[in-house]
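S.K.: turn this into a model:
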Amino acid sequence: MRLLFDHGTPAPLRKALTAHSVATAHEMGWDQLDNGSLLAAAEAHFDAVVTTDKNLQYQQNLSGCRLAVVILPTTAWPVIRAHQSEVLEVLETLQPGDCVEVIFRQPNSADS
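M.R.: Residues are numbered from 1 along each chain as shown. Here you go, the predicted model:
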């Protein structure tokens with residue numbers, strides 16, 4: 001899957017997504033685009049956008065969009081790093097046009 005990380009998505013996450021092709025908005029020269037323009041540009045080149053912007057799904061009309069959107073709950077790399085498996089699980093089931101908010105499971109107190 002071809003993934004675009006928006007400017008808030010921690011770039012180190014790409015190391016966990018080796019089965020996917022990952023680029024950042026900065027690498028594409030799109031880091032100054034507003035959300036609507038970024039989504040339009042991404043739709044021509046990517047299968048999904050990974051973002052930390054929880055309001056994106058409410059601010060943009062995603063109906064009819066073939067681009068999938070994955071929303072991470074935080075920009076904090078240490079937190080995301082601890083939950084990379086949940087991100088991978090979402091990507092495995094992602095379909096064109098999906099908008100999915102990743103929910104990080106809390107560790108089971110018995111596991112601690």
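
S.K.: backbone dihedrals for A48, please?
M.R.: Here is the backbone geometry of A48 (degrees, to the nearest 10): phi -150, psi 150.

S.K.: also E43?
M.R.: phi -60, psi -30.

S.K.: contacting residues for it?
M.R.: Neighbour list for E43: 65-67 [criterion: CB atoms under 8 Å, 6 or more residues apart in numbering]. The C-beta positions use only the backbone N, C-alpha and C, and glycine is treated the same way.

S.K.: among those, name the buried ones.
M.R.: The neighbour count (16 or more other CB atoms under 10 Å) marks 65, 67 as buried among these.

S.K.: need the helix or strand of this protein with the lowest average pLDDT.
M.R.: Using mean pLDDT, DSSP states H and E, helix 56-59 stands out as the lowest-scoring helix or strand of the chain, at a mean of 75.

S.K.: which elements pack onto that one?
M.R.: Secondary-structure packing of helix 56-59 (3 or more CB pairs under 8 Å, 6 or more residues apart in numbering; DSSP states H and E): strand 68-71.

S.K.: counting contacts, what elements does the strand it packs on pack onto?
M.R.: In terms of contacts (3+ CB pairs under 8 Å, 6+ apart), strand 68-71 is packed against strand 48-51, helix 56-59, helix 84-93, strand 99-101.

S.K.: out of those, nearest to P12?
M.R.: helix 84-93 (9.8 Å; CB to CB).

S.K.: which stretch among the helices and strands packed on strand 68-71 comes nearest L33?
M.R.: Comparing the helices and strands packed on strand 68-71 by CB to CB, strand 48-51 comes nearest, at 11.5 Å.

S.K.: mind checking pLDDT for the most centrally placed residue in the chain?
M.R.: Centroid-nearest residue in the chain: V50, 1.4 Å away (criterion: CA atoms, centre = their mean). Looking at V50, its pLDDT is 96.
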